[in-house]
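# Test case, fold it:
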Amino acid sequence: MQPLEAAHGIFDQLVTWRRDFHMYPEIGLETVRTAGVVADSLRKMGYTVQTGIAENGVVGLLENGEGAVVMNRVDMDALPILEAGDQPYASKNPGAMHACGHDAHTAMGLGIAKLMAENRDAWRGTLKLIFQPGEEGLHGAEIMVKEGVLENPRPQVALALHVWNQRPYGTILASPGPVMAAADEFRIVITGKGGHGALPHRTVDPVAIAALMITNLQTIVSRNIGALETAVLTVGYIHSGDAFNVIPATAEIGGTIRTYETEVRQRVLGRLGAIVEGTASMMGATAEVTFAPTTPALVNDPSVTALVREVVTEMLGKETLGDMRTMGSEDASFFQNEVPGCYIFVASGPEDYKDRPHHNPKFDIDERAMVNGVAVIVESLMRLMPVNGG
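So this is what the prediction gives:
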């Protein structure tokens, strides 16, 4: 089998799957319909199927003789976004949309399953396909790992992919080492003293304190993190008060921290806590800060990534291979913390890709990217599970 030719041969099926999932997006762990379609499809292809992991996760297992155990993971969930597109396959579930490409991931996962099942003479070993819900902040991968998805059998290598609208269709991005950042959520509650808006001197204004605190927090990256180190601190919301003439008693600030290195992460968390406490104390208020780790950094194994990069250059051409690091985060890191692997980005931007970024109501992809994604993963799987055992 030539995986690229074979992937071109199922292009219409990939589009059909992808558009069906796009029309019926499901959020978080509640991917009931999507999981049902996936499970039924895998059974028809000859896979042993397990369902109900992390509520609606699906695992397909295909044993094909002695050899390595290799997994491929895709995510299935959508986002709480009202779609703005007018395409015939636009979301039929108001307020939910596949605005990050997980519909294409699920379609590619089924395409990979189909080609691997139909070409068992080209590989030996055990293929473990993981279809994950709850990637968008619902800890789906972490839950699946805790529920034992990596056991019975335990994979030796993990592969995963993501469509990438930041680049126009045609390239594959695969880099060794850290490729996506660890993510932490922070929440700060400032307690002051409320009062009349005309008498601020009799209050301890948490709104003014929040403004000062936000400004001070921006000095962490600019003054505490080295120029050759990497960190992002973003304040995503501030909530306080509900009347124009009342100084409220409390204010709440929330945001995210993104880092690659553990030492840098600890430094950012430490400085954030110190700034929050010091600013509040200076202004006569109190403040409490809490942290909620979301995902660890996603790190690609050098040897697995070298194999995937070789596949890309040989199959699609040297000019199609690119490198990638982003401060975005991905909970595939929970799998790759346990199993060495490679996470690739499949450039999927249509001609107007700059107007269709991820998490945008107008998001859409160049569907030809699915052919590249399926072909690269299938060829990589076959090289990781060769007929002669390597």
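
# Would you state the strands of the stretch 151-300 of the chain in chain order?
Chain-ordered strands for the stretch 151-300 of the chain, with DSSP state E, counting those that start in this stretch as the definition, fall at 157-168, 172-173, 177-180, 182-191, 195-196, 231-239, 246-247, 250-259, 286-295, 298-300.

# got the angle between the fourth one and strand 250-259?
Interaxial angle, strand 182-191 versus strand 250-259 (axes from the mean of the first three to the mean of the last three CA atoms, to 10 degrees): 160 degrees.

# List the buried residues of strand 182-191.
Neighbour-count burial for strand 182-191, counted by 16 or more other CB atoms under 10 Å, picks out 182-184, 186, 188-191. (Each C-beta comes from the backbone N, C-alpha and C, glycine too.)

# again, but for stretch 311-320
Of the residues in stretch 311-320, those scored as buried under the neighbour-count criterion (16+ other CB under 10 Å) are 311-312, 315-316, 320.

# And stretch 117-131, by the same measure?
Going through stretch 117-131 with 16+ other CB under 10 Å, the ones that come out buried are 117, 122-131.

# re earlier: turn the strands of the stretch 151-300 of the chain into JSON lines, including mean pLDDT and distance to Gly28.
Output for these, formatted as JSON lines (pLDDT from 0 to 100; distance: least, CB to CB, whole Å):
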{"stretch": "strand 157-168", "mean pLDDT": "97", "distance to Gly28": "18"}
{"stretch": "strand 172-173", "mean pLDDT": "98", "distance to Gly28": "27"}
{"stretch": "strand 177-180", "mean pLDDT": "96", "distance to Gly28": "20"}
{"stretch": "strand 182-191", "mean pLDDT": "97", "distance to Gly28": "16"}
{"stretch": "strand 195-196", "mean pLDDT": "97", "distance to Gly28": "41"}
{"stretch": "strand 231-239", "mean pLDDT": "97", "distance to Gly28": "19"}
{"stretch": "strand 246-247", "mean pLDDT": "97", "distance to Gly28": "36"}
{"stretch": "strand 250-259", "mean pLDDT": "97", "distance to Gly28": "18"}
{"stretch": "strand 286-295", "mean pLDDT": "94", "distance to Gly28": "14"}
{"stretch": "strand 298-300", "mean pLDDT": "97", "distance to Gly28": "20"}
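
# Redo those as TSV? Include distance to Ala113.
Below are these laid out as TSV (distance: least, CB to CB, whole Å):
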stretch	distance to Ala113
strand 157-168	13
strand 172-173	20
strand 177-180	25
strand 182-191	30
strand 195-196	64
strand 231-239	36
strand 246-247	59
strand 250-259	33
strand 286-295	26
strand 298-300	23
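
# so which of the buried residues of stretch 311-320 comes closest to Ile225?
Proximity to Ile225 was ranked across the buried residues of stretch 311-320 by CB to CB; first place goes to Val312, at 33.0 Å.

# from memory the closest one sits against Ser175, does it?
No. Checked against CB atoms under 8 Å, the pair Val312 and Ser175 is beyond contact range at 11.6 Å.

# Give me the helices and strands touching the helix or strand hosting Val374, please.
Element membership for Val374 (DSSP states H and E) is helix 369-384. Using 3 or more CB pairs under 8 Å, 6 or more residues apart in numbering; DSSP states H and E as the contact test, the elements touching helix 369-384 are helix 3-9, helix 11-23, strand 69-75, helix 102-118, strand 157-168, helix 302-316, strand 341-349.
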